[in-house]
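Student: Just to be clear, the model below is a prediction. Sequence and coordinates:
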Number of protein chains: 2
Amino acid sequence: MDKEKLEYIEEAGLAFELFGMTRMAGRIFGYLVVSDQEVVSFEQIRETLKASKGSISGTTKNLIHVGFIEPVSLPGDRKTYFRISRQKAGRILKERTALFLKFGSLLDRGRALKAEEDRVSDWLLEISSFYKWMVHEVDMVTDKWEMVKEGYMQKMKGEEDENSEKK
Amino acid sequence: MDKEKLEYIEEAGLAFELFGMTRMAGRIFGYLVVSDQEVVSFEQIRETLKASKGSISGTTKNLIHVGFIEPVSLPGDRKTYFRISRQKAGRILKERTALFLKFGSLLDRGRALKAEEDRVSDWLLEISSFYKWMVHEVDMVTDKWEMVKEGYMQKMKGEEDENSEKK
DNA sequence: CTTTTGGTTCAAAATGTTTTGAACTTATAA
DNA sequence: TTATAAGTTCAAAACATTTTGAACCAAAAG
């Protein structure tokens, strides 16, 4: 695997830490991104990332759980392969956003514990309402994506081509 | 401080860990939520949470940085007080969402490293487009909140009252 | 069966993060 | 000034997470 890709993989590791996941999770994800194969085997991951079987096993399980990658098994082959999950990106986002409901109720329960309604309660109500309302809005926007994505992706690709022409 | 509130504070600590922050950050936030004062002093936090000055100092700085709380200073008083940030909740969300752009470009850069465009590239383009598009949508929805919040908060409060009547 | 391959498990080691506590800084009060 | 109160800083300790590696299990091949 060439140097540029290996660097990319490490960068993905750091980025994933920023998103609150482990470095190894980012590396595995990054490897699946830049690999020129449709699917990558457990052993290939282990070898490319020079990590232990235990680490690969645990981290792939976790990445599958949060929906970033998915296992692929092939007939007549007992190895497990992996690829970037084909699950809609929106699905993952919706799940993450659902945490907002938890934050909203945390605030509501806190508000209920206060001696009396005051300026702080009003503000807490506003924040909690915002987050709870947001969950529904994000769901709707996510659904809207399916309608607009063709157009948007065309635009994105166009801009990329423009940039590479300028070089 | 009564037992119920202290329990709430610990719960807030655990919840914040779930959101990717530290337990102490959650405790401080939780304390500001349930305190019946407008503002709470550094020393009160230290005492209630039984933590060191160093820990309070570092964690409040961080909570201020990410916009969850804000410092308050009073004339003729050299203590620092804190309260839940009155910054619009949307501001914080917009900043968090901006990380999606980073994820989007991570995918784009990975795609550029691939030998040739394949099925995986197509899928990567779709995910990256989704996240980048989402950032703008979330911004718009967040702005919309200002228009609809009055109505929504009324509804929320109504439902709460209904629930407490039923008890 | 027995062997081999592919992966899982889990305790211990390595690494990272958070908290403490003591020394230090800064600003006000005396 | 000098003294004191309020925070900050930072190295070390406590604590948590991640990774390793060796032992283990299950399924397919021989």
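Tutor: Received, thanks. If you're wondering where the values come from, they're calculated on a predicted model, not measured in any experiment. Numbers count the residues shown, from 1 in each chain, chains lettered A, B, ... in the order given.

Student: Can you give me the domain assignment for chain A?
Tutor: As assigned by automatic domain parsing, chain A contains the domains A:3-84, A:89-166.

Student: between those, which one is nearest to DNA strand D?
Tutor: Evaluated over these, closeness to DNA strand D peaks at domain A:3-84, with 2.2 Å, by Cβ to the nearest atom of the strand. (Glycine included, C-beta is placed from N, CA and C.)

Student: so what pLDDT did the most centrally placed residue in chain A get?
Tutor: Centroid-nearest residue in chain A, with Cα atoms, centre = their mean: residue A:68, separated by 5.6 Å. Looking at residue A:68, its pLDDT stands at 97.

Student: residues contacting it?
Tutor: Each residue near residue A:68 by Cβ atoms under 8 Å, 6 or more residues apart in numbering or on different chains is listed here: A:25, A:29, A:84, A:85, A:92.

Student: and what of residue A:111?
Tutor: By Cβ under 8 Å, 6+ apart, the contact set of residue A:111 is A:121, A:124, A:125, A:128, B:33.

Student: helix or strand for the fourth one, which one?
Tutor: In the assignment (DSSP states H and E), residue A:128 maps to helix A:119-166.

Student: so how far is that helix off the chain centroid?
Tutor: Counting by Cα atoms, centre = their mean, to the nearest Å, helix A:119-166 is centred 15 Å from the centre of its parent chain.

Student: So which bits of chain A are right by DNA strand D?
Tutor: Proximity of chain A to DNA strand D (Cβ under 7 Å from any atom of the strand) is limited to residues A:22-24, A:50-55, A:58-59, A:76, A:78.

Student: Return the entry from these with the maximum number of neighbours.
Tutor: Among the residues of chain A next to DNA strand D, residue A:59 has the most neighbours (other Cβ atoms under 10 Å in any protein chain shown), with 23 neighbours.

Student: Distance of it relative to residue B:120?
Tutor: 20 Å (Cβ to Cβ, to the nearest Å).

Student: Including neighbour count, could the contacts of residue A:111 go into a markdown table?
Tutor: Listed next are the contacts of residue A:111 as a markdown table, based on neighbours: other Cβ atoms under 10 Å in any protein chain shown:
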| residue | neighbour count |
| --- | --- |
| A:121 | 18 |
| A:124 | 24 |
| A:125 | 18 |
| A:128 | 24 |
| B:33 | 23 |
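
Student: tell me the helices in chain A, going along the chain?
Tutor: Listed in chain order, the helices found in chain A under DSSP state H are A:3-18, A:23-34, A:42-49, A:53-65, A:89-97, A:99-113, A:119-166.

Student: ranking those helices by burial, who's on top?
Tutor: When these are scored by mean count of other Cβ atoms under 10 Å in any protein chain shown, the highest mean neighbour count falls to helix A:23-34 (a mean of 24).

Student: check whether that one contacts chain B.
Tutor: Yes. Helix A:23-34 reaches chain B (Cβ under 8 Å from any Cβ of the partner chain) through A:30, A:33, A:34.

Student: Render the CA-only coordinates of that helix in PDB, please.
Tutor: The C-alpha trace of helix A:23-34 is given here as PDB (Å, rounded to 0.1, in the frame of the first residue of the first chain):
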ATOM      1  CA  ARG A  23      -8.100   5.900  16.500                       C
ATOM      2  CA  MET A  24      -8.200   2.300  15.300                       C
ATOM      3  CA  ALA A  25     -11.800   2.700  14.200                       C
ATOM      4  CA  GLY A  26     -10.800   5.600  12.100                       C
ATOM      5  CA  ARG A  27      -7.900   3.700  10.600                       C
ATOM      6  CA  ILE A  28     -10.000   0.700   9.700                       C
ATOM      7  CA  PHE A  29     -12.600   3.000   8.200                       C
ATOM      8  CA  GLY A  30      -9.900   5.000   6.300                       C
ATOM      9  CA  TYR A  31      -8.500   1.800   4.900                       C
ATOM     10  CA  LEU A  32     -11.800   0.700   3.600                       C
ATOM     11  CA  VAL A  33     -12.200   4.100   2.000                       C
ATOM     12  CA  VAL A  34      -8.900   4.100   0.100                       C
END
